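Visitor: Build the 3D model from these lines:
(chains A and B)
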Amino acid sequence: MAHAAHHDDHAHHPTGVMRWITTTNNKDIGTLYLSFALLMFFIGGSMAMIIRAELFKPGLQFVDPQFFNSMTTLHALVMIFGAVMPAFVGLANWMIPMMIGAPDMALPRLNNWSFWLLPFAFTLLLSTLFMPGGAPAGGWTMYAPLVLQTGEAFPFLIFAVHIMGISSIMGAINIIATVFNMRAPGMTFMKLPLFVWTWIITAFLLIAAMPVLAGAVTMLLTDKFFGTSFFSAAGGGDPVMFQHIFWFFGHPEVYIMILPAFGIVSAIVPTFARKPLFGYASMVYATASIAFLSFIVWAHHMFTVGMPLAGELFFMYTTVLIAVPTGVKIFNWLATMWRGSMTFETPMLFALGFIVMFTIGGFSGLMLGVTPADFQYQDTYFVVAHFHYVLVTGAVFAIMGATYFWLPKWTGHMYDETLGKWHFWLSTIFVNVLFFPQHFLGLAGMPRRIPDYAVQFADWNMVSSIGGFCFGATQLLFLYVIVKCVRGGAKASDRVWEGAEGLEWILPSPPPYHSFVNPPLVK
Amino acid sequence: MSEQQRNTMRTVRRLLLVTALMFAFGFVVMPPMYNAFCAITGLSGKTGRETEAQAAAKGVDKGRWVTVEFVTSTSAGLPWDFAPLTRKVRVHPGEVTEVDFAVESHADQSTTGQAVPSLAPNTAARYFKKTECFCFQRQQLAAREHRVMPVRFVVDPDLPKDETTLTLSYTFFRVQDSTVARDAGPTAKQGS
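Guide: Numbers count the residues shown, from 1 in each chain, chains lettered A, B, ... in the order given. As a prediction, the model looks like this:
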C-alpha cells in the first residue's frame, strides 16, 4: 500500500497475497506486525466488552461464569502477546533500520518467520473457544494447579505460549543483531535515538525472560501429561514454585511492554517541544536500571503466599526503588518541555496523556508495592485499575501516539488532524471513566476475575462499563483515521514535523522500499 | 561472507546461547534451587527427618513447653476418613513423642494414598523433625480397611523462644493407579 509508487523498481517481487507471505522487507513486516496487532487489539477489546457487559449490573446476565473466566484469561493473553508486543515489534521493524541508517534488519528471513508464527499461535489459542470444555479460564498467569484442570484446551494454550515465545525471542535476536552490527558509520551507541536504546534493552529482557516462561509452561505440560510433580503437592512438588518461576518471567514482561513506550515518548516530546531531549545519558542509564531491577522484584506479585519477613521487605524495597529511575524519566520529559515552543498535534497529545496517566498508574503501583497495603489490595479491582493505567494509558497510548507520529512517514500522507484529536480526547475521557472508578471498587474490596458481585459495587461498575463501551467504540475512529490516511490525504513532507530530528526524517515520505542502501554519514 | 555478516552470525550465536541457558535456568536449575531454598528456610512448611539417636544427642529442654496441634485433610477423589487421635500435645523440646492417626477407607477396592505434611508457622518447619511417620511411604488400604498409624517426632531444642505453638497438617492425596509404578516424585523424600 505505502509502497505502490516504488513497485516499478521491484518488478521481480511477488504481488498480491504472496508478496506479504514471502516478504523479507523490514517495512512490509513492520506493516504486517502492526496490522496484526490492530486486529488483536479489536479481538481482545471485544472480549473486554463482554466482560464489561456482564459486570454492568450485579447478577449473571449474559454469559456463564466459566465463559466469563475464559474472557478475562484470553483478553489478557491476546492483548499482551497479540496486541502490545507485536505492535512494538512492528514499530521496531519500521523504525530501527531507518533510525540507525541501515538498509534492512540483519536477519530478514528470520524476520519473516517471527511474524508468520504469530497467526498460527493465535489460531491455536483462539480455536480453544470452540472446544468441549471451553477456552482456558484459569487466568493468564496460568497458576498451577488450577490451570491443570483446563480441558482439551490445555495443550493448545501451552503450545500457543511456546510459539509466541519463540516468535518474540527471534524478533529480539534480530533487533539486537541489527543494532549491534548495522549502524551507519559514526552512529555510536550514545548517539542512538532513545527508541532504539529502549528496544535493545527490551530485546535483552525478552531473551532473558521468555525462555523462563517456556520452561514454566513446559513443566505444566509434563505435570499434566507425563506424570511429573513439579507443582503437585501430592507428588512432593509445590504450587507456589510455579508462581515464583512465572513472575520471574512476568515482571520483566511488564517492562518489555513499557520500555519501548518510554522510547516513543522520548521521540515525540522533543519534536513538539522543539528542544533536544533533556538528560539523554540519564535516560539510557535509567532504562538499564529499570531493566536490571525488573529481575529482582518478582515476588511483589505474591506477597500474600506466605514469605518470611526478610523476603517481604527485600521485595518491597526493590519494588519501590524502581520509582527512582522511572522518576528520572518523568522529570526528564518535563524538563524537555520546560520553556519549549510547544504545539499540540495528536502525537504530542498522546505523549502528554501518557506522561500524566502513566504516572497515575505508577503511583498506584507504589501503593501496591508496600507490603502491608498490598495485603489489602491483592486480587482486588485496585490491581486491575493499576495495570490498566500503565498498560492502556501507558503502553497503548504510546503505541497510538507513535502511529500518529510516524504514519505520515510510512504512508506519505498526513492523517486527519481533527479526527486524530477527537480520537485522543474521547479516548482520554472514557479511559478514565472506565478505569478510575475501579480504584474505588478495589479499595472497597471488590475481587477481580468474578462475573457477579455484591450490590454495594453496582454504581461504580455501571460507570466503569459505560466508560468501557465508549472507549471501545472510540477505537473504531482510530481504525477509520488509519485507513483514511493509508488511502490518501495531504502530501507529507520529508521532515513531516517542524521539530523532527533523526535519520528517518531525511528520507522521503514514504521512504523507498530499501532505505539507506548506502549508509548515511552521521556526524 | 562479509565482515558484517560474520559479526551478525556471531551475535546471533551468542544470543541463542543466552536463550538456551535461560531456558535451562527456568526448567532445570530453578526447581531444585527452589526446593533447596525451601529446605533451608522451611519456606514451604516442609518438615525435617532425623534418627532417634540424633534426637537423643541434643538432650531435652525441660525448661519450656511447646504445644503441637494436628490437623488433617483428604484430597478429593480419595474416599478415606482421616483424623488425629490426639488433637494436641504439650511437649518439651528435644523429647521424642508419639501420636496416632486413624484412617479408614470407604472404597470397595484397594486404594493408595500419600500423605504430605506441612508445618505452620513455616519459619519453625526446619525445627520439627520426625523419626517415624506414615508419610515416609505411601499407604495402601484394602477395601474398607481401618488402620491406626503412628508418628514419632521431636521438636528441636534450637526452636526460637518465641514459637510456642506449632501446627502440623497432613493431607492425604490419592496415588492414581496409572502412577503406582512411579516413585512418589522427585522431591517426595525430602518432603517427608
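
Visitor: From here on, just use CA atoms for contacts and neighbour counts.
Guide: Will do.

Visitor: do you know how far the closest residue to B:Leu159 other than its chain neighbours is from chain A?
Guide: In space, B:Leu159 comes closest to B:Tyr127 once its chain neighbours are excluded; the distance is 5.7 Å by Cα to Cα, 6 or more residues apart in numbering or on different chains. Counting by Cα to the nearest Cα, to the nearest Å, the separation of B:Tyr127 from chain A is 15 Å.

Visitor: what do you get for B:Ala115?
Guide: According to Cα to the nearest Cα, B:Ala115 and chain A sit 8 Å apart.

Visitor: Count residues in the vicinity of A:Ala160, would you?
Guide: 21 (other Cα atoms under 10 Å in any protein chain shown).

Visitor: Not counting sequence-adjacent ones, nearest residue to it?
Guide: Using Cα to Cα, 6+ apart, the nearest residue to A:Ala160 is A:Ala121, at 4.6 Å.

Visitor: Report how many residues lie close to that neighbour.
Guide: Using other Cα under 10 Å, A:Ala121 is surrounded by 23 other residues.

Visitor: what's the helix or strand for it?
Guide: A:Ala121 is located in helix A:108-127, with elements delineated by DSSP states H and E.

Visitor: quick one: low-confidence parts of the chain?
Guide: In the absence of a named chain, this looks at chain A. Residues of chain A meeting the criterion pLDDT under 70: A:1-12.

Visitor: that's the wrong chain, I meant chain B
Guide: Ranges of chain B meeting pLDDT under 70: B:1, B:177-192.

Visitor: Backbone dihedrals for B:Asp81, please?
Guide: Taking degrees, to the nearest 10, you get phi -100, psi 130 for the backbone angles of B:Asp81.

Visitor: That one pairs with what?
Guide: B:Glu104 (DSSP bridges).

Visitor: what about it, neighbour count?
Guide: Residues lying near B:Asp81 (other Cα under 10 Å) number 15.

Visitor: Show the contacting residues for it.
Guide: By Cα atoms under 8 Å, 6 or more residues apart in numbering or on different chains, the contact set of B:Asp81 is B:74, B:102-106.

Visitor: where exactly do the strands run in chain B?
Guide: Remark: strands assigned in chain B by DSSP state E are B:48-49, B:66-74, B:80-84, B:88-91, B:97-105, B:111-120, B:128-132, B:139-141, B:146-155, B:165-174.

Visitor: Redo those as JSON lines? Include distance to A:Leu194.
Guide: Shown next, in JSON lines, are these (distance: least, Cα to Cα, whole Å):
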{"stretch": "strand B:48-49", "distance to A:Leu194": "53"}
{"stretch": "strand B:66-74", "distance to A:Leu194": "57"}
{"stretch": "strand B:80-84", "distance to A:Leu194": "63"}
{"stretch": "strand B:88-91", "distance to A:Leu194": "64"}
{"stretch": "strand B:97-105", "distance to A:Leu194": "66"}
{"stretch": "strand B:111-120", "distance to A:Leu194": "50"}
{"stretch": "strand B:128-132", "distance to A:Leu194": "55"}
{"stretch": "strand B:139-141", "distance to A:Leu194": "63"}
{"stretch": "strand B:146-155", "distance to A:Leu194": "59"}
{"stretch": "strand B:165-174", "distance to A:Leu194": "55"}
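
Visitor: Those: which one's closest to A:Ile21?
Guide: Closest to A:Ile21 of the strands of chain B is strand B:165-174 (Cα to Cα; 51.2 Å).

Visitor: what residues does chain A put near chain B?
Guide: Within reach of chain B by Cα under 8 Å from any Cα of the partner chain, chain A has these residues: A:106, A:169, A:173-174, A:176-178, A:180-182, A:207-209, A:211-216, A:218-219, A:227-230, A:233-238, A:241, A:245, A:306-308.

Visitor: Just the CA trace of the helix ranked longest in chain B, in PDB.
Guide: Once chain B is assigned using DSSP state H, the helix that runs over the most residues is helix B:3-24. Taking C-alpha atoms only, helix B:3-24 is exported to PDB below (Å, rounded to 0.1, in the frame of the first residue of the first chain):
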ATOM      1  CA  GLU B   3      32.700  -9.000   7.700                       C
ATOM      2  CA  GLN B   4      29.300  -7.600   8.700                       C
ATOM      3  CA  GLN B   5      27.600 -11.000   8.100                       C
ATOM      4  CA  ARG B   6      30.200 -12.800  10.200                       C
ATOM      5  CA  ASN B   7      29.700 -10.300  13.000                       C
ATOM      6  CA  THR B   8      26.000 -10.700  12.800                       C
ATOM      7  CA  MET B   9      26.200 -14.500  13.000                       C
ATOM      8  CA  ARG B  10      28.500 -14.200  16.000                       C
ATOM      9  CA  THR B  11      25.900 -12.000  17.700                       C
ATOM     10  CA  VAL B  12      23.100 -14.500  16.900                       C
ATOM     11  CA  ARG B  13      25.100 -17.400  18.200                       C
ATOM     12  CA  ARG B  14      25.800 -15.700  21.500                       C
ATOM     13  CA  LEU B  15      22.100 -14.700  21.900                       C
ATOM     14  CA  LEU B  16      20.900 -18.200  21.100                       C
ATOM     15  CA  LEU B  17      23.300 -19.400  23.800                       C
ATOM     16  CA  VAL B  18      21.800 -17.000  26.300                       C
ATOM     17  CA  THR B  19      18.300 -18.200  25.300                       C
ATOM     18  CA  ALA B  20      19.300 -21.800  25.800                       C
ATOM     19  CA  LEU B  21      20.900 -21.000  29.200                       C
ATOM     20  CA  MET B  22      17.900 -19.100  30.400                       C
ATOM     21  CA  PHE B  23      15.600 -22.000  29.400                       C
ATOM     22  CA  ALA B  24      17.800 -24.300  31.300                       C
END
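
Visitor: Run the chain-centre distance for that helix.
Guide: Between the centre of helix B:3-24 and the centre of its chain there are 41 Å (Cα atoms, centre = their mean, to the nearest Å).

Visitor: what does stretch A:487-494 give?
Guide: The chain centroid and the centroid of stretch A:487-494 are separated by 28 Å under Cα atoms, centre = their mean.

Visitor: Would you confirm that A:Met462 contacts A:Leu55?
Guide: Yes - counting by Cα atoms under 8 Å, A:Leu55 is a contact partner of A:Met462 at 7.5 Å.

Visitor: Which one of those two is surrounded by more residues?
Guide: Using other Cα under 10 Å as the criterion, A:Met462 and A:Leu55 rank with A:Leu55 on top: 24 against 19.

Visitor: Can you name the residues that contact the more buried one?
Guide: Each residue near A:Leu55 by Cα under 8 Å, 6+ apart is listed here: A:451-452, A:461-462, A:465.

Visitor: for A:Gly361, same thing?
Guide: Contact analysis of A:Gly361 by Cα under 8 Å, 6+ apart lists A:385-390.

Visitor: could you dump those residues to a markdown table with secondary structure and neighbour count?
Guide: Below are these laid out as a markdown table (DSSP: H, G, I helix; E, B strand; the rest coil; neighbours: other Cα atoms under 10 Å in any protein chain shown):
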| residue | secondary structure | neighbour count |
| --- | --- | --- |
| A:Ala385 | helix | 24 |
| A:His386 | helix | 24 |
| A:Phe387 | helix | 20 |
| A:His388 | helix | 21 |
| A:Tyr389 | helix | 26 |
| A:Val390 | helix | 24 |
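
Visitor: Reformat those residues as TSV; add distance to A:Leu38.
Guide: Formatted as TSV, the contacts of A:Gly361 follow (distance: Cα to Cα, whole Å):
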residue	distance to A:Leu38
A:Ala385	23
A:His386	23
A:Phe387	20
A:His388	18
A:Tyr389	19
A:Val390	19
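
Visitor: Tabulate the contacts of B:Asp81 (JSON lines), appending distance to A:Tyr377.
Guide: Output for those, formatted as JSON lines (distance: Cα to Cα, whole Å):
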{"residue": "B:Thr74", "distance to A:Tyr377": "32"}
{"residue": "B:Ala102", "distance to A:Tyr377": "41"}
{"residue": "B:Val103", "distance to A:Tyr377": "41"}
{"residue": "B:Glu104", "distance to A:Tyr377": "42"}
{"residue": "B:Ser105", "distance to A:Tyr377": "43"}
{"residue": "B:His106", "distance to A:Tyr377": "43"}
